[in-house]
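**Q** The amino acid sequence is not available; the structure is as follows:
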Ligand SMILES: Cc1cc2nc3c(=O)[nH]c(=O)nc-3n(C[C@H](O)[C@H](O)[C@H](O)COP(=O)(O)OP(=O)(O)OC[C@H]3O[C@@H](n4cnc5c(N)ncnc54)[C@H](O)[C@@H]3O)c2cc1C
């Protein structure tokens, strides 16, 4: 832990006169009730600053494609498989690679199986080491840091890494190719089910049949069904991989969270919004002139407006003296978090973003999905690969319960409780919370962030957190937790009935 005393230069900014709610609802996700808003403020003037705004810069990178020779499906030769996987993101490819090694006939359908994944993935290095995928990290930092506020920083003694999308995708694709997975370049627009067989209708007119369809098409999927209201929280972030003149971050530490808000000192409207619905900076410094920077709302409901996130980021970078010379890549991150699991069981199986695997309190998912896909793969192989011929309802029951056994559903309820609590915290309470959280025994905070604690360990973590919390933080817990706690207990009761 370190005390910061370096005040950073503050650049005077004009202030907006009217306040509008920074919360909004994404148009492609279920609408949630919004608080009433006042009129939109006049266009903010941050972009006319002395540094100009990085928002005006167009990303330099162009879409990238792998040059692999994929075994493409010839629908006139074969259109029936054991397993069809919709989507070749990390979840779909990892599952395809694992299931196909049992000799199960797998077809992956995606409009662009060879295009590079767009997201910039960060993981804890030990998570990838455990998966034997440490070769798929293109940069690691021996430590991470968390700026609690303008005076206090915590160093986290846990290595963090940036996933090489290219290496990971090639690793998974090559596994698929050598196990005989076939690929079909198309978008699935409909899934049909009969008693023992399902089919996907593709936008090129082809119908492909299989004993099981797995939907790995990401968060916006419409194939997996829910039987409860989808009251997600949302993580929203704007990220850029940027070439900069200089930046103030140490090269041996990635910045997991920077909760400082001095950059809003001359922006009362932005500051008020940030105090109520805080955002933090996530940063991966690659070298003195190349850095990934992401202004992030950890979780909000309704979702914080994207425009608000970007305005805060402009103010922050200016305050930190970071002048962006060029944007190499940019990303808009919108992740539904928590909320109910899909209906269990149902005829379409899910994995990844479609199956509720995202961590409800952090938005992380890649490492966990890569770890869970083999678990699901084993269950699928047991049902489809054996002579036992488990098909139809017993198959759906086995696969869904294989991915989400009751204990894991209960654990997920706990993480959702964490999310519901975070939703209630303003900036000060959030800072107090993370100060106490990263003070926990590493076994607990590592385990919490990597979704590997048992229910008993989670209970111990809660007690320990309360013990270490400051008095105001205890007050937050006592006053803000009861409603989420009641919700969790209710959901746990429903799960276990
Ligand atoms: C910007 C961003 C950054 C993230 N960063 C991190 C991070 O740092 N660490 C972390 O752990 N998690 C992160 N996540 C969360 C999560 O890990 C990712 O969203 C991850 O990509 C989800 O993997 P997936 O395979 O489920 O879906 P996706 O990666 O979304 O892949 C879905 C695939 O399905 C295809 N598809 C979609 N619809 C159809 C259709 N109808 N027919 C056929 N194919 C279809 C798409 O073309 C795509 O290839 C991030 C998420 C976002 C959005």
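**A** Thanks, I have the structure now. Being a predicted model, the structure only gives us computed values, none of them experimental.
**Q** Might you report the residue contacts of the closest residue to residue 223 other than its chain neighbours?
**A** Spatially, and ignoring its direct neighbours in sequence, residue 223 is nearest to residue 215 (4.4 Å; Cβ to Cβ, 6 or more residues apart in numbering). (Each C-beta comes from the backbone N, C-alpha and C, glycine too.) Residues in contact with residue 215 (Cβ atoms under 8 Å, 6 or more residues apart in numbering) are 86-87, 191, 221, 223-224, 348-351, 354.
**Q** Check which helix or strand the closest residue to residue 283 other than its chain neighbours maps to.
**A** Spatially, and ignoring its direct neighbours in sequence, residue 283 is nearest to residue 255 (4.0 Å; Cβ to Cβ, 6+ apart). Per DSSP states H and E, residue 255 falls inside strand 253-258.
**Q** That strand near the ligand anywhere?
**A** No. Strand 253-258 lies apart from the ligand when judged by Cβ under 6 Å from any ligand atom; the minimum separation is 11.0 Å.
**Q** what mean pLDDT does that strand have?
**A** When pLDDT is averaged over strand 253-258, the result is 98.
**Q** Which other helices and strands does that strand contact?
**A** Using 3 or more Cβ pairs under 8 Å, 6 or more residues apart in numbering; DSSP states H and E, the elements in contact with strand 253-258 are strand 143-147, strand 280-287.
**Q** Columns distance to residue 371 and mean neighbour count on top of those strands, output as JSON lines?
**A** Shown next, in JSON lines, are those (distance: least, Cβ to Cβ, whole Å; neighbours: other Cβ atoms under 10 Å):
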{"stretch": "strand 143-147", "distance to residue 371": "21", "mean neighbour count": "20"}
{"stretch": "strand 280-287", "distance to residue 371": "22", "mean neighbour count": "21"}
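**Q** So for the ligand, which of the ones you listed sits nearest?
**A** Nearest of these to the ligand, taken as Cβ to the nearest ligand atom: strand 280-287 at 8.5 Å.
**Q** just how off-centre is that closest one within its chain?
**A** A distance of 17 Å separates the C-alpha centroid of strand 280-287 from that of its chain, computed with Cα atoms, centre = their mean, to the nearest Å.
**Q** next helix or strand past it?
**A** strand 290-300.
**Q** quick one, what contacts the closest residue to residue 204 other than its chain neighbours?
**A** Counting by Cβ to Cβ, 6+ apart, residue 204 lies nearest to residue 186, which is 4.6 Å off, once chain neighbours are set aside. Counting by Cβ under 8 Å, 6+ apart, residue 186 makes contact with 109-111, 202-204, 206.
**Q** can you narrow those to ones near the ligand?
**A** Answer for the contacts of residue 186 near the ligand (Cβ under 6 Å from any ligand atom): 109-111.
**Q** Buried only: go through those residues for me.
**A** In these, burial by neighbour count holds for 109-110, counting by 16 or more other Cβ atoms under 10 Å.
**Q** now the ones next to the ligand among the contacts of residue 186 as TSV including pLDDT and secondary structure?
**A** As requested, those are exported to TSV (pLDDT from 0 to 100; DSSP: H, G, I helix; E, B strand; the rest coil):
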residue	pLDDT	secondary structure
109	98	strand
110	98	strand
111	98	coil
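**Q** Tell me which two in the contacts of residue 215 are the farthest apart.
**A** The widest separation within the contacts of residue 215, taken as Cβ to Cβ, falls between 191 and 351 and amounts to 14.7 Å.
**Q** and the residue in the stretch 351-497 of the chain positioned nearest to the ligand, how many neighbours?
**A** Nearest residue of the stretch 351-497 of the chain to the ligand (Cβ to the nearest ligand atom) works out as residue 352 at 2.3 Å. For residue 352, the count of nearby residues is 30 (other Cβ atoms under 10 Å).
**Q** List the buried residues for stretch 476-485?
**A** 476-477, 480-481, 484.
**Q** Give me the subset of those residues that lies in helices.
**A** If you go by DSSP state H, the buried residues of stretch 476-485 have 476-477, 480, 484 in helices.
**Q** which residues of the stretch 51-200 of the chain score low on pLDDT?
**A** 51-52 (pLDDT under 70).
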